[in-house]
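S.K.: What shape does this take:
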Amino acid sequence: MSATPSSPLDAELLIATGCAHCPVVLEGLGTLIKEGVISSLRVTNIVNQPERAQELGVRSVPWLQLGPFILQGLHSPAELREWAERAGSMEGMSDYLYEQLKQGNLDAMEKLLAAQPTWLGALIPLLEQEDTDLKVRIGVDALLETLAASTNLDSLIEELGRLSQHERQSLRSDATHYLSLTHAPAAIPFLEARLQDESAEVRDIAEEGLAELKALKS
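M.R.: Numbering: from 1, shown residues only. Prediction:
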């Protein structure tokens with residue numbers, strides 16, 4: 001059921017008898033199904049099938065998985081349409097990550113990206129945008145630090161390499177550090193270039209990163 005940037009959009013909705021918001025979400029999704037915006041919709045009443053809620057770790061309804069997005073609580077038909085239209089793009093995933101990290105849903109985003117590393121590139125705009133909320137920026141840092149231990153971050157090397165040359169020193173520092181987290185030889189040329197950076201902080205980060213990568217190679 002997980003979507004990738006080019007796959008058909010599927011949805012799963014958990015509802016419960018007596019839920020005040022569930023009919024609104026169900027009706028909105030029904031319209032999107034009729035219009036072909038959503039390819040398929042699985043609906044489960046957890047009063048009758050509580051095992052599905054247990055399997056997904058869902059504690060309250062309505063609960064919706066719309067492509068790669070998990071949306072909880074009441075969402076208007078307009079909001080559902082907006083998220084459905086965002087679901088096939090990196091830009092949409094960036095918007096989703098921003099919202100979820102701002103709400104403090106770090107663990108859920110870690111699980112999402114670990115399961116679907118295709119979406120890792122959606123973190124790049126959150127790093128690059130100067131007005132990114134501080135809580136979101138801290139969340140991105142935590143995600144990359146944690147994912148580095150179990151997820152291949154090679155797909156980020158080119159973009160991180162680009163950011164390591166940015167005019168903003170704080171961004172060069174962050175990108176240089178994240179390059180070392182990839183544990184990939186392809187990151188070495190970008191780190192070596194930062195040994196000549198005008199910022200002593202960036203030079204130090206690059207030197208430490210190179211030492212780590214070379215230690216891994218030996």
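S.K.: which helix in this structure runs the most residues?
M.R.: helix 200-217 (DSSP state H).
S.K.: Which secondary structure elements does it sit against?
M.R.: Here helix 200-217 touches helix 169-181, helix 188-193, going by 3 or more C-beta pairs under 8 Å, 6 or more residues apart in numbering; DSSP states H and E. Bear in mind the C-beta positions are built from the backbone N, C-alpha and C, glycine included.
S.K.: per-residue confidence averaged over the last one?
M.R.: Predicted confidence along helix 188-193 averages 96 (mean pLDDT).
S.K.: Need the nearest residue in space to Arg81, chain neighbours excluded.
M.R.: Leu32 (6.4 Å; C-beta to C-beta, 6 or more residues apart in numbering).
S.K.: Point me to the helix or strand that includes that neighbour.
M.R.: helix 22-34 (DSSP states H and E).
S.K.: Give me the three-state assignment for the residue nearest to the spatial centre of the chain.
M.R.: Nearest to the mean C-alpha position of the chain, by C-alpha atoms, centre = their mean, lies Leu97 at 4.6 Å. With DSSP: H, G, I helix; E, B strand; the rest coil as the basis, Leu97 sits in helix.
S.K.: quick one, phi psi at Thr118?
M.R.: With angles defined as degrees, to the nearest 10, Thr118 sits at phi -50, psi -30.
S.K.: before we move on, back to that, next helix or strand past the helix holding Leu32?
M.R.: Taking DSSP H and E, what comes next after helix 22-34 is strand 40-45.
S.K.: in that following strand, what counts as buried?
M.R.: Leu41, Thr44, Asn45 (16 or more other C-beta atoms under 10 Å).
S.K.: Now do the domain split for the chain, please.
M.R.: Following automatic domain parsing, one finds the domains of the chain at 10-86, 89-151, 152-218.
S.K.: Tell me the helices and strands packed up against the helix holding Leu32.
M.R.: In terms of contacts (3+ C-beta pairs under 8 Å, 6+ apart), helix 22-34 is packed against strand 10-15, strand 40-45, helix 77-86.
S.K.: Return the distance of the longest one from the chain's centre.
M.R.: Between the centre of helix 77-86 and the centre of its host chain there is 18 Å, according to C-alpha atoms, centre = their mean, to the nearest Å.
S.K.: That helix packs against which elements?
M.R.: On a contact count with 3+ C-beta pairs under 8 Å, 6+ apart, helix 77-86 meets helix 22-34, strand 63-66, strand 69-72, helix 90-102.
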